[in-house]
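1. build the 3D model from these lines:
(chains A and B)
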Amino acid sequence: MVHGHGWTGRALRLWLPLGFFLIVTLFPFYWMAITSLKPNAELYSTKVMPLIVHHPTLKHYVDLLTETSFLQWTWNTTIIAVVSTAISLVFGSMLAYPLARMNFPGGALIAFTVAATYLVPQPLLFIPLADIINRLGLGNTLTSVILTYPTMLVPFCAWLLMGYFKTVPRDLEDAARIDGATRTQTMVRVILPLCTPGFISAGIFAFTLAQNEFLYALIFLTNTDVRTVPVGAIAELVRGDVFYWGQLMAAALLGSVPVAIIYSFFVEHYVAGLTSGSVKA
Amino acid sequence: MPSQAATLAVPSITVRRRRRGFRHWTEREPVFAWLMIIPPLLFLIALVGYPFVYGILLSLEDRPVAHAGTFIGLKNFVTNFHDPVFWQVARNTFLYTFCATLLKAVGGLGMALVMNQVFPAKNVIRAVMLLPFIVPTVLSTVAWMWILDPSFSVVNWVMFQFGLPRPGPAWLGNPSLAMFSLIMINTWRGLPFYGITLLAGLQTIPPDLHEAAVIDGAGTWARFRYITLPLLMPVIFIVTLFSVIFTFSDFQLVYVLTRGGPANATHLFATYAFDIAMGAGQFGLGASVALAMLPALAVVIAGLAFYMRRR
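-> All right, here's what the predicted structure looks like:
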């Protein structure tokens, strides 16, 4: 804690540490961007000042898009993320609504199970899952990851949505029921629309988690045409000991941009989702 | 004819009555609740519960990939117990988790305190700070790999400018340095989660408390120690719990940067289990290494349950 006042105090307390955090946070992205624009001669030279690009080129991007299946990987990643997010939101709300709103035998046990499932890390399950996916003949299909991603997303979505469902006043539900709405109608037409911010938070969070997943995709998807961006980049832009650094950085940047754009539209919802588990609990 | 009409009419009435009865039944609270819960529950049982139990069974088998398994009891666990690499992996995992979590907690608290001041473009800066957390880990890790490249590392280039002799440190090639680098990169990625969540926690602390303390003559440190920290403790606890679980079971960073090397110095449980199961094709032994994570995770989860009950 700094006791300074005025300009120097504020610089020490705010701008200096803030600048430090920002530089550390952003440097790898800056490095990604300028590396992807450098010609190989500049990339692999120890004599050139590396912090800026001297002769920018788009060659690595052109190579990435024409010589590799990067567009296919992007398409796969998008399909997988969208479908597994949709499944997770549907299943998540089916779990969250009764748990948040109703009294029924076994409710507490189910709530605990959902929380415990959320805390099971993937490395604990990947070996048995690999065997199960093989036996089902789902290896090298997008279905394999579309089925397994929701195992980590459903508990998260359920947990987050429970918090939102609890905030809807009970009177609204009672009014709808007295007017003759069935329980399903009450849930779908009254409660769910009121919790749209919760669905956006859960959806955006699930979507970024699905884009981020690596272990299951690495194990289940071994053919070029079904790979996701992270797996494709690691498996095919590194051949033996040869790293295609320019293309790798172009892939890393292009793979990050869609997530970053979607995220930037929903930052507030994302932060709400991020903090709901701990701050509201 | 009339009798035929009567016999037709009777079942249709009972069907309608039964249908109304069914509808009445599904409207009952416990019935509706369970009908809603059963589909997602079956899904989780099939793809989390069953694999979990199956993993335990696998760990008791000698199960080469693409062959039938034979039950061998606890032999895999005995093998692990006598495997020096297994113990090295255990030490690595605990060291990695402890150091990275500590750094994230301290750094994240610092970030939250800095961000809790009034300054322009705060929301934009907060959004930017979260980037390491939302960008796919493998992709940002690739950037770090190039930053720490043995021949073209920019970190070394900066050090050369300050007169360090060539060649600079091998960030990922030296066992201790490699572990150090992994811990730093894990911290870089996880820090925003701590920082932004603790910031949200800080914002729930009523300003009156600080004002009252100032009137009573409390200094900045005293206010931090006796107001901010105690009120923030629940949030710190939960965030640390999540962080410990996901750092302890980390796979991506190590897989991309070092594959567990040099000489197993950076192998964690997850990457070691992967090598044994996917690399050497020993599913049973691999499952037993993965299961070795369970006791530590169980302690963490039990700690959470205990803490939540006490509150």
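2. tell me the contacts of B:Leu172?
-> By C-beta atoms under 8 Å, 6 or more residues apart in numbering or on different chains, the contact list for B:Leu172 reads B:Met145, B:Leu148, B:Pro150, B:Ala178, B:Ser181, B:Leu257, B:Thr258, B:Pro262. Where you see a C-beta, it was placed from the backbone N, CA and C, and this is true even at glycine.
3. what mean pLDDT does stretch B:203-211 get?
-> Averaged across stretch B:203-211, pLDDT comes to 88.
4. in it, which residues are buried?
-> B:His210 (16 or more other C-beta atoms under 10 Å in any protein chain shown).
5. same thing with stretch B:53-68?
-> B:Tyr54, B:Gly55, B:Leu58, B:Ser59, B:Leu60, B:Glu61, B:Asp62, B:Arg63.
6. and the residues you listed as a markdown table, adding pLDDT and secondary structure?
-> What follows is the buried residues of stretch B:53-68, written out as a markdown table (pLDDT from 0 to 100; DSSP: H, G, I helix; E, B strand; the rest coil):
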| residue | pLDDT | secondary structure |
| --- | --- | --- |
| B:Tyr54 | 94 | helix |
| B:Gly55 | 93 | helix |
| B:Leu58 | 91 | helix |
| B:Ser59 | 92 | helix |
| B:Leu60 | 92 | coil |
| B:Glu61 | 89 | strand |
| B:Asp62 | 86 | strand |
| B:Arg63 | 84 | coil |
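7. redo the residues you listed as CSV? Include distance to B:Thr70.
-> As requested, the buried residues of stretch B:53-68 are arranged in CSV below (distance: C-beta to C-beta, whole Å):
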residue, distance to B:Thr70
B:Tyr54, 16
B:Gly55, 17
B:Leu58, 12
B:Ser59, 13
B:Leu60, 10
B:Glu61, 6
B:Asp62, 5
B:Arg63, 8
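8. of those, closest to A:Pro123?
-> Using C-beta to C-beta, B:Gly55 is the member of the buried residues of stretch B:53-68 that lies nearest A:Pro123, at 10.6 Å.
9. so what's the residue nearest to the closest one when sequence neighbours are not counted up against?
-> Nearest residue to B:Gly55, sequence neighbours excluded (C-beta to C-beta, 6 or more residues apart in numbering or on different chains): A:Pro128, at 4.0 Å. Contacts for A:Pro128 (C-beta under 8 Å, 6+ apart) come out as B:Pro51, B:Phe52, B:Tyr54, B:Gly55, B:Leu58, B:Ala287.
10. quick one: stretch B:70-89 to chain centroid distance?
-> Distance of stretch B:70-89 from the chain centroid (C-alpha atoms, centre = their mean, to the nearest Å) equals 25 Å.
11. contacting residues for the residue nearest to the spatial centre of chain B?
-> Nearest residue to the geometric centre of chain B (C-alpha atoms, centre = their mean): B:Phe246, 2.2 Å. Counting by C-beta under 8 Å, 6+ apart, B:Phe246 touches A:Pro121, B:Gly190.
12. try 7 Å this time
-> Neighbouring residues of B:Phe246 by C-beta atoms under 7 Å, 6 or more residues apart in numbering or on different chains: A:Pro121.
13. quickly note the distance from it to A:Ala176.
-> 40 Å (C-beta to C-beta, to the nearest Å).
14. tell me which element the residue positioned nearest the centre of chain A is part of?
-> By C-alpha atoms, centre = their mean, the mean C-alpha position of chain A lies nearest to A:Thr208, the distance being 1.6 Å. Assigning secondary structure by DSSP states H and E places A:Thr208 in helix A:196-212.
15. is that helix anywhere near chain B?
-> Yes - using C-beta under 7 Å from any C-beta of the partner chain, helix A:196-212 reaches chain B at A:Thr208, A:Gln211, A:Asn212.
16. just to revisit the earlier point, least confident of the contacts of B:Leu172?
-> Lowest confidence among these: B:Pro150, with 83.
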